[in-house]
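Novice: Curious how this folds, go ahead:
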Amino acid sequence: MESENLILSEQDYARLSLFKNDALLRDELGRAVVVSADQMPDNVVRMHSRVIYLDKSNGLQREVELCFPEEADFKSGKISVFSPVGTALIGLKVGHEIEWPFPNGESRRLEVVGVTHAP
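Specialist: Model prediction:
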């Protein structure tokens, strides 16, 4: 999987590190640059961000909120960080792309189009 450097806040990194059973997320955490919350750029996907992404494999653009598993609600557009899309997008900047494997065996190229953060 290729992508630009991932950036995670100390808080997100600490909480996500507790979930050691997810191999893909563990790999992503291992290559992340960890910064304090006040140093997080506004254009980076983090927990509870609203993210607009483009799935370049099918041309579909979607908006989702990245959340922890217990908060996930597909009907409300809240997806778990453990979903394929959630794990792929965490820590990416607007304009960055990543090639990511999906459970059906396909690989998809996702691009972050926009990010907003809850107050």
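
Novice: May I have the beta-bridge partners of the closest residue to residue 65 other than its chain neighbours?
Specialist: Of all residues not flanking residue 65 in the chain, residue 78 sits nearest, at 4.7 Å (C-beta to C-beta, 6 or more residues apart in numbering). All C-beta atoms are positioned from the backbone trio N, CA, C, and that covers glycine. Taking DSSP bridges, one finds residue 65, residue 73 as the beta-bridge partners of residue 78.

Novice: quick one: the nearest residue to residue 56 once chain neighbours are set aside from residue 57, how far?
Specialist: Among residues not flanking residue 56 along the chain, residue 109 sits closest, at 4.2 Å (C-beta to C-beta, 6+ apart). From residue 109 across to residue 57, the span is 6 Å (C-beta to C-beta, to the nearest Å).

Novice: do residue 102 as well
Specialist: For residue 102, the distance to residue 57 - C-beta to C-beta - is 9 Å.

Novice: tell me, what's touching those two both at once?
Specialist: Common contacts of residue 102 and residue 57 (C-beta atoms under 8 Å, 6 or more residues apart in numbering): residue 108.

Novice: helices or strands next to the helix or strand harbouring residue 54 in the packing?
Specialist: Assigned by DSSP states H and E, residue 54 falls within strand 49-55. Applying 3 or more C-beta pairs under 8 Å, 6 or more residues apart in numbering; DSSP states H and E, one finds that strand 49-55 makes contact with strand 60-67, helix 84-89, strand 107-117.

Novice: could you point out which element follows the second one?
Specialist: Past helix 84-89, further along toward the C-terminus, the next helix or strand under DSSP H and E is strand 97-101.

Novice: Report the contact partners of the closest residue to residue 77 other than its chain neighbours.
Specialist: Excluding the flanking residues, the one nearest residue 77 by C-beta to C-beta, 6+ apart is residue 64, at 5.1 Å. Contacts for residue 64 (C-beta under 8 Å, 6+ apart) come out as 50-51, 53, 77-79, 85-86.

Novice: ok, now with 10 Å
Specialist: Each residue near residue 64 by C-beta atoms under 10 Å, 6 or more residues apart in numbering is listed here: 45, 49-53, 74, 76-79, 83, 85-86, 89.
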